[in-house]
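Chemist: Output the structure for:
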Amino acid sequence: MTETRWRVPLSDVIVDDELVEAALETLRSGWWSMGPRVAEFEQAFAEFCGSANAVAVANGTAALHLGLLALGCGPGDEVILPSLNFVAAANAIVHTGAQPVFCDIGGPDDLNLDPGDLESALTRRTKAVLVLHYGGYPCDMQAVSGLAGRAGVAVLEDAAHAPGASLDERACGTIGAAGCFSFFANKNLPLGEGGMIVTADDVLAERLRLLRSHGMTSLTWDRHRGHASTYDVVLPGFNYRLDEVRAAVGLVQLRRLPDENAARARIAARYRDALDGEDGLTMPFEEARGVPAHHLAVVLLPEGTDRDEVRGALEERGIQTSVHYPPIHTLSAYRDRSRRPLPRTDVVAGRILTLPLYGRMTDDQVEEVVLGVLQTL
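Modeler: The predicted structure is shown next:
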């Protein structure tokens, strides 16, 4: 089976001499596991977000899992999250022993969690709300925080799509009790794998640091430098550490993130100008809150359109597309866990289509996508 050669891939990364040298320098140092570069990356990311603490972890799912655990989620608890979401969010909840409770979206123009439905979903068992900034577009955090505060539950932000996004001049990820980021290969800040948790709470940050490394009171790097000769284990933790090579790459990618987000914004605006309202097709988030990160370029196909046919036709033209996401409550592992009606999610689920979006897209590639979509409808 031959690999498809996309003329316009869904996402792409830059591999240049600066990135290669950063990785090679770390490899040549002989210290590859978590150490000084991870600490430098954490400090730089914390400053970028305006957060007191940043804790680097192995991936975005690990960030969600540790964030939920650090907030005390466990058996008997419920955690509310939008169903229009990647399954990692629900998996992380289940692995704490808590029960995911799925919430509806605002509607076809706002694919984020609906505060009105959140209010209906809150119960005495609710421990936390896990909010997603879908596609890099900030959720209505003022409404969510108000509801959660009155109910006495924590808000954990899934900011995997939103590095660099902000709302009311606060970085997404810094508005709730903690914020979780992903550095997967298709993200705005790609490392291949990797994640980060930011929080203003020093006590929460210390618990996160213990949880990510087996609950140990000192690290291998500390002992290597002679800063510690032994360790204790104060809680049962995990091996969720980030390595030095990815941290070195992350320091380069973080410096590039503002330009990457700005380029994505320009491309997303071109998509909107060319596609929104054409032949029954719409592009959500016309009334976006704050400053989006533009992680995804999502359109809603006209009602009654066969999405598979559209995707197949675009694939024949060498244009890669995706679907973000099959709602979690429709997946086999979670179908029996879903007890709440989610009518707005169900209405858009079959119409969502994700178009290519990455900062280095050329004008010709953008034009190919636009023409391909218009001629396929």
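
Chemist: Give me the pLDDT value at Arg225.
Modeler: Predicted confidence (pLDDT) at Arg225: the value is 63.

Chemist: again with Glu3
Modeler: Reading off the confidence values, Glu3 has pLDDT 56.

Chemist: number of nearby residues for the nearest residue to Tyr325 once chain neighbours are set aside?
Modeler: Nearest residue to Tyr325 in three dimensions, chain neighbours excluded: Phe86, at 5.5 Å (Cβ to Cβ, 6 or more residues apart in numbering). Bear in mind the C-beta positions are built from the backbone N, C-alpha and C, glycine included. Using other Cβ atoms under 10 Å, Phe86 has 20 neighbouring residues.

Chemist: gap between Phe86 and Arg150?
Modeler: Separation of Phe86 from Arg150 (Cβ to Cβ, to the nearest Å) stands at 29 Å.

Chemist: Is it correct that Thr174 is in contact with Gly50?
Modeler: Yes. Assessed by Cβ atoms under 8 Å, Thr174 is found in contact with Gly50 at 6.0 Å.

Chemist: Neighbour count: the two, which is higher?
Modeler: Thr174 (20 against 14).

Chemist: who's in contact with the more buried one?
Modeler: Counting by Cβ atoms under 8 Å, 6 or more residues apart in numbering, Thr174 makes contact with Cys49, Gly50, Ser51, Val198, Ala200.

Chemist: out of the residues you listed, which are inside helices?
Modeler: Cys49 (DSSP state H).

Chemist: Between the contacts of Thr174, which sits nearest Gln375?
Modeler: Cys49 (41.8 Å; Cβ to Cβ).

Chemist: could you list every residue that touches that closest one?
Modeler: Cys49 sits in contact with Ala171, Gly173, Thr174, Gly179, Val198, where contact means Cβ under 8 Å, 6+ apart.

Chemist: give me the beta-bridge partners of the residue nearest to Ser322 when sequence neighbours are not counted?
Modeler: Spatially, and ignoring its direct neighbours in sequence, Ser322 is nearest to Thr354 (4.4 Å; Cβ to Cβ, 6+ apart). As for beta bridges, Thr354 partners with Val298, Ser322 under DSSP bridges.

Chemist: Roughly how far does Thr354 sit from Thr376?
Modeler: Taken as Cβ to Cβ, the span from Thr354 to Thr376 is 15 Å.

Chemist: roughly how far apart are Pro258 and Pro292?
Modeler: Between Pro258 and Pro292 the distance is 13 Å, computed by Cβ to Cβ.

Chemist: Name the residue in the two with the higher neighbour count.
Modeler: Legend: neighbour count by other Cβ under 10 Å for Pro258 and Pro292, higher for Pro292 (25 against 11).

Chemist: Make sure the residue nearest to Ser322 is actually in contact with Val323.
Modeler: Yes. Counting by Cβ under 8 Å, Thr354 touches Val323, with 6.4 Å between them.

Chemist: The longest strand seen in the chain: which residues count as buried?
Modeler: Criterion DSSP state E: the longest strand present in the chain is strand 126-132. Neighbour counts over strand 126-132 (16 or more other Cβ atoms under 10 Å) mark Thr126, Lys127, Ala128, Val129, Leu130, Val131, Leu132 as buried.

Chemist: quick one, helices of the protein?
Modeler: Taking DSSP H, the helices of the chain run over residues 17-29, 36-49, 60-70, 88-94, 115-121, 141-151, 202-212, 220-224, 244-275, 307-316, 343-349, 363-376.
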